[in-house]
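S.K.: Let's see this in three dimensions:
(4 chains)
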Protein chains: 4
Amino acid sequence: MIVILEQGISDHNLENVIKHLEDYGFIVNKSVGEERVILGAIGVQPNFDTRKIKILEGVKDVFRITEPFKLASRSYKKENTVIKIKDVEIGGKEINVIAGPCSVESEEQIFNIAQIVNKSGVKILRGGAFKPRSSPYAFQGLGEEGLKYLRKAADHFGMLVITEVLENSMIDLVYKYTDIFQIGARNMQNYSLLKELGSVKKPIMLKRGFSATVEDWLMSAEYILANGNSEVFLCERGIRTFETYTRNTFDISSIPVVHKKSHLPVFADPSHATGLRDKVLPMARAAVAAGADGIMVEVHYDPEKALSDGPQALLPDQFAEMMRQIKLIAEIIGRYIH
Amino acid sequence: MIVILEQGISDHNLENVIKHLEDYGFIVNKSVGEERVILGAIGVQPNFDTRKIKILEGVKDVFRITEPFKLASRSYKKENTVIKIKDVEIGGKEINVIAGPCSVESEEQIFNIAQIVNKSGVKILRGGAFKPRSSPYAFQGLGEEGLKYLRKAADHFGMLVITEVLENSMIDLVYKYTDIFQIGARNMQNYSLLKELGSVKKPIMLKRGFSATVEDWLMSAEYILANGNSEVFLCERGIRTFETYTRNTFDISSIPVVHKKSHLPVFADPSHATGLRDKVLPMARAAVAAGADGIMVEVHYDPEKALSDGPQALLPDQFAEMMRQIKLIAEIIGRYIH
Amino acid sequence: MIVILEQGISDHNLENVIKHLEDYGFIVNKSVGEERVILGAIGVQPNFDTRKIKILEGVKDVFRITEPFKLASRSYKKENTVIKIKDVEIGGKEINVIAGPCSVESEEQIFNIAQIVNKSGVKILRGGAFKPRSSPYAFQGLGEEGLKYLRKAADHFGMLVITEVLENSMIDLVYKYTDIFQIGARNMQNYSLLKELGSVKKPIMLKRGFSATVEDWLMSAEYILANGNSEVFLCERGIRTFETYTRNTFDISSIPVVHKKSHLPVFADPSHATGLRDKVLPMARAAVAAGADGIMVEVHYDPEKALSDGPQALLPDQFAEMMRQIKLIAEIIGRYIH
Amino acid sequence: MIVILEQGISDHNLENVIKHLEDYGFIVNKSVGEERVILGAIGVQPNFDTRKIKILEGVKDVFRITEPFKLASRSYKKENTVIKIKDVEIGGKEINVIAGPCSVESEEQIFNIAQIVNKSGVKILRGGAFKPRSSPYAFQGLGEEGLKYLRKAADHFGMLVITEVLENSMIDLVYKYTDIFQIGARNMQNYSLLKELGSVKKPIMLKRGFSATVEDWLMSAEYILANGNSEVFLCERGIRTFETYTRNTFDISSIPVVHKKSHLPVFADPSHATGLRDKVLPMARAAVAAGADGIMVEVHYDPEKALSDGPQALLPDQFAEMMRQIKLIAEIIGRYIH
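M.R.: Numbering: from 1, shown residues only, chains lettered A, B, ... in the order given. Model (predicted):
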């Protein structure tokens, strides 16, 4: 931590700042320039609230020199994290596509959609059984029944399952059916959930909260990592801005930013990022072109009848076309999609 | 719901739109103007996803004419909600002040602070026992021990208790000690928690998520109301914008906006909205001047040693001065603070 | 315009609303449903301030059914606008690349860079002669001298020139040297400038303001179109959000959004959108994959010495590699780059 | 400027960073800690682009220790700036109210409104003669005729005039009629205009751009100050966020923030900040309670007929009531309104 002092700080105030730093456990290194004094405060306190120093008399500014996260950072682990689940590798040279309906609606529906997406090579099937809906009057998911259908469909086609877990008390139930836990955007800062999933022995996909900075997002990943689970990957799904035409603003530059600051794989979800079916194909292409390690899209054969988010689901033909195009883009940047 | 059709829509497409609306359960009312056809779709479906119609061929735009929330709306209930807890009334002519430390740190600490704030007339004591911290390495609260101290201190000074509940499994525990449940900003869209608190028989203070619109916020209140608990009040605590000097941007106009759209009381939390002690006093004055039904502030006699958020806590003298000033402002607008 | 009335509006208030609409020149069409009355107000007033009706007693909501822009809209002109300048076509099947330094710094510098970018097939040379800098102490550009060097370099390599014009009094001067006028983000709502450029006989590239919605942006294009100049194309360059790691947030979904709402070509500027050299290549690929009609990038052979924005300029090798990659991506979506 | 180096930076890279800093004119001060090396770079370059160092090999982060503005900063000038214009003092103990219509519409209209606001003690009359409208089809103001009426009305009632100037070529014209130049939000970064107004001998009110940070805003003030005009005051008028119910989000905490970082007076404009008449009164109270040095509001006796922004104009009675209330609030914080 670097503490910049005001020009002409009194000796009394200077000593007071140093004393505070030492009391907080820092080793202080004083550097006297011609214009002003600067203090270097050394000591690993990734969570130190810098405002504690900022409010002292005579302090002009305080800067952190270490990121507030550690295990999630690229400086802690130089090589990319690669997560292996059965025959699937996440974060390697292959770009993975996760596809399926927003919600599992029936056994027939999930089998139909699993077949459609599997035909294009998809190895990970998505589907919600417990839905976090902004209206209390909206469809809230089939619950455990939905999980059963999802597992059955995935097994039938030799696919992995990813599904969302909404709260701590559901972890055991979901564990029985899923291969990957999804943490939704609204739960990105549900720290109880993050902590408990830190001790679970299955990979976690952590979606970005729609008002989270990349730093916040990596701090939430840190919660999981710090509690023992190192198999975490991220998923960008749009942030909230003043633009209203799209549901969210797809922050595509977060993909190279995460790759620079962290070793964790990062996916993109163009369905939620835009909320509009006709924007999904161009945004999926863009995500792959930007270097995403995978994408997650919603697919439905009858989206007008879908019980949730039908308007952003791709039709089967659109999905097949998307797969065709992104496979070609992947090759241009030295990666591949099966 | 109003459906605006494209100029020159074909008969086939027009019939298709009408058929869809009818299939979704709406009664359709066609209005043929000189330039274009407009459909009125009647039927109470507050949660209908308008994108389902927007994506049909020939549709230009779709507007909702009812708000997506009902029980929380001013049109559902014209008079202000007033919540009575023992001798305290929330949402009436009196403006309530909630004060206390960010976290309960020890029995001595909470007694000290309770005494300080009680002396200025405060009837509701705040204090966190379970803290949602963005860093996994930060102080996470004293847990049940903290709740006990908080209750004891409040009882000693004849005050009410408000404290935050982080997840469903904690509700029973917190229930034993608190008079009011606080739902924090990060849990504003934790729908499981909202639902379960809907069946609890104690009032709820629902903080605004830092990226929630007023509509989202009222939708979350709707969750609690729809599950049976009508004693809900709101608390504005700043939203996230591009401005970085303050921790958040205090959206003060949300106070009159909530009063127009809803019958629920609305408080303001200038400590979290700004994150800086020297901004709390002017923002507390502004909140009262803007018509807030109450304010919530953090107070600490030794903020430099506080285990969380010390830099935004008022010192005892500053707090007393704040109380003095806001009492005078309350009178100007025909309200009062004891 | 659709006017939704409150349930149970009094006859007096209803008549008052109708009278107001008629006074404002609308033809009113009353539609009485079971629950409420809805008024359709017909009459072309694209600039009508709907708040005038919203504030009347008994009005619940008001919706515009026509966009506030007309000439810029896709419904006004179905086919894409294609702008021809000598042998260059903007908005056609070819994707154009505009490249060059941020600022023209010397004759040698602009010749060097023109040669580098021309070698990769670039036909439009950029370079600033008048720089809008946020600091009054920063390099403000070479002025007319810069324009001369820019023109000379472009002519030497058979390229077109694009350069920014900052204010009305500079239009004549810039006109002498440029083929395309650039309106920068900070001037997107400088209406005097927009109006005057509307009567100029050269194409205009209109950058998006960093806090403009797509609608605002198209309204600004409307200003130019309405004043007689139909050769307008747009350029997305990032919007301001709470994310701080990148200089701006590249709103990539604005590309398909503009294509849906308007017939005008839309470019992307990944250099300004991210502000960081190592993000330019992935974002340029993403822009092309998303369907941009062109991209604009900054290139410098010695960016450390550049007088402005060196940190976001591509090095010559990086630029050549970018061109190689985006040519391949263009083909995948049925377009091409020379 | 502080340069934080990566742990284990090579000697070659370290030398390279130091060489760059020296080449850019800094005096470098090396501080070797146990964990890492930190460089202090001394030299007054308020406009230095820190990204130039950030992109060098081995650099972890770069922090500026001086603000990018100088003349506008509180550290440059400790005491508040007070601007005297005839018998009016801006930035002193008195809180000034600027009032009048959005646009001057006729001689009768401006006389009427001047009389209304003058009766409540207002000494500065506002009114637009050249209007920056987002639609090219909207009323653009009466031009010089409007300026004449405005001056005449102000003189008749012994008031000062403030009016907006849109571009450099209008400065001379506006100068003849106004006492204070207003720079509107959309022109906050029109640097040509800022520069030229820097050499004008009349005070300037600089509105905050709706996507400007406080730092950006003070940088724009710096432009005027650096060009020789020290009579600048600021006006907060709302920023753009994701909230859509209000036209903008009134960033009320910018008032104490500006007071901390700068010596310049700061006003608030609750009419533009909210865009809704019924929010103006509570927001005006809040602004005064927050410490604003003045407020600016729109008033109209017949807002339904107003040619611009009628829906946010206060009616005469509402205005008188606002004046009554804010006078009382001013006293509570030791200030006064005549």
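S.K.: Compute the number of surrounding residues for residue A:232.
M.R.: Neighbour count of residue A:232, defined by other C-beta atoms under 10 Å in any protein chain shown: 28. (Each C-beta comes from the backbone N, C-alpha and C, glycine too.)
S.K.: actually residue A:8, not the one I wrote
M.R.: A count of nearby residues for residue A:8, using other C-beta under 10 Å, gives 9.
S.K.: which stretch of helix or strand covers it?
M.R.: Here residue A:8 is covered by no helix or strand, with elements defined by DSSP states H and E.
S.K.: Tell me where the stretch 1-150 of chain A has strands.
M.R.: Using DSSP state E, counting those that start in this stretch, the strands found in the stretch 1-150 of chain A span residues A:2-5, A:27-32, A:37-42, A:59-63, A:83-85, A:88-90, A:96-100, A:124-126.
S.K.: wait, which of those is closest to residue D:305?
M.R.: strand A:59-63 (52.3 Å; C-beta to C-beta).
S.K.: quick one, the closest one and strand A:37-42 angle?
M.R.: Put simply, strand A:59-63 runs at 40 degrees to strand A:37-42, going by axes from the mean of the first three to the mean of the last three C-alpha atoms, to 10 degrees.
S.K.: can you put the strands of the stretch 1-150 of chain A in JSON lines and add distance to residue A:162, mean neighbour count and mean pLDDT?
M.R.: Converted to JSON lines, the strands of the stretch 1-150 of chain A look like this (distance: least, C-beta to C-beta, whole Å; neighbours: other C-beta atoms under 10 Å in any protein chain shown; pLDDT from 0 to 100):
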{"stretch": "strand A:2-5", "distance to residue A:162": "42", "mean neighbour count": "22", "mean pLDDT": "85"}
{"stretch": "strand A:27-32", "distance to residue A:162": "46", "mean neighbour count": "14", "mean pLDDT": "78"}
{"stretch": "strand A:37-42", "distance to residue A:162": "42", "mean neighbour count": "21", "mean pLDDT": "79"}
{"stretch": "strand A:59-63", "distance to residue A:162": "39", "mean neighbour count": "19", "mean pLDDT": "84"}
{"stretch": "strand A:83-85", "distance to residue A:162": "10", "mean neighbour count": "16", "mean pLDDT": "97"}
{"stretch": "strand A:88-90", "distance to residue A:162": "10", "mean neighbour count": "19", "mean pLDDT": "97"}
{"stretch": "strand A:96-100", "distance to residue A:162": "6", "mean neighbour count": "26", "mean pLDDT": "97"}
{"stretch": "strand A:124-126", "distance to residue A:162": "5", "mean neighbour count": "26", "mean pLDDT": "98"}
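S.K.: so which of those strands comes closest to residue C:214?
M.R.: strand A:96-100 (28.7 Å).
S.K.: just how off-centre is the closest one within its chain?
M.R.: For strand A:96-100, the distance from its own C-alpha centre to the chain's C-alpha centre is 15 Å (C-alpha atoms, centre = their mean, to the nearest Å).
S.K.: Could you tell me how many residues sit around residue A:23?
M.R.: For residue A:23, using other C-beta under 10 Å, the count is 10.
S.K.: Provide a list of residues in contact with whatever residue of chain A ends up closest to chain B.
M.R.: Here the residue of chain A nearest chain B is residue A:211; by C-beta to the nearest C-beta that distance is 2.8 Å. By C-beta atoms under 8 Å, 6 or more residues apart in numbering or on different chains, residue A:211 lies in contact with A:239-240, B:209-211, B:240, C:242.
S.K.: Now it: closest residue in space that isn't a chain neighbour?
M.R.: Of all residues not flanking residue A:211 in the chain, residue B:211 sits nearest, at 2.8 Å (C-beta to C-beta, 6 or more residues apart in numbering or on different chains).
S.K.: Okay, and the residue of chain A closest to chain B sits in which element?
M.R.: Under the criterion of DSSP H and E, residue A:211 resides outside all helices and strands.
S.K.: Which residues are in contact with the residue lying closest to residue A:230 once chain neighbours are set aside?
M.R.: Of all residues not flanking residue A:230 in the chain, residue A:81 sits nearest, at 7.2 Å (C-beta to C-beta, 6+ apart). Residues near residue A:81 by C-beta under 8 Å, 6+ apart: A:91, A:230-233, A:263-265.
S.K.: List buried residues within those.
M.R.: Buried by 16 or more other C-beta atoms under 10 Å in any protein chain shown: A:91, A:231-233, A:263-265, out of the contacts of residue A:81.
S.K.: Okay, and which of those residues map to helices?
M.R.: Using DSSP state H, no member of these sits in helices.
S.K.: In strands, which of these fall?
M.R.: Among these, the members falling in strands are A:232-233 (criterion: DSSP state E).
S.K.: Can you tell me which of the buried ones among the contacts of residue A:81 comes closest to chain D?
M.R.: residue A:263 (16.0 Å).
S.K.: Confirm for me that residue A:207 is in contact with residue A:233.
M.R.: No - using C-beta atoms under 8 Å, residue A:207 makes no contact with residue A:233, being 10.4 Å away.
S.K.: thinking again about what came up before, now the residue nearest to residue A:211: phi and psi?
M.R.: Dihedral angles of residue B:211 (phi, psi; degrees, to the nearest 10) stand at phi -130, psi 30.
S.K.: circling back to that earlier point, dump the contacts of residue A:211 into a markdown table; add pLDDT as well.
M.R.: Formatted as a markdown table, the contacts of residue A:211 follow (pLDDT from 0 to 100):
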| residue | pLDDT |
| --- | --- |
| A:239 | 95 |
| A:240 | 93 |
| B:209 | 94 |
| B:210 | 91 |
| B:211 | 90 |
| B:240 | 93 |
| C:242 | 89 |
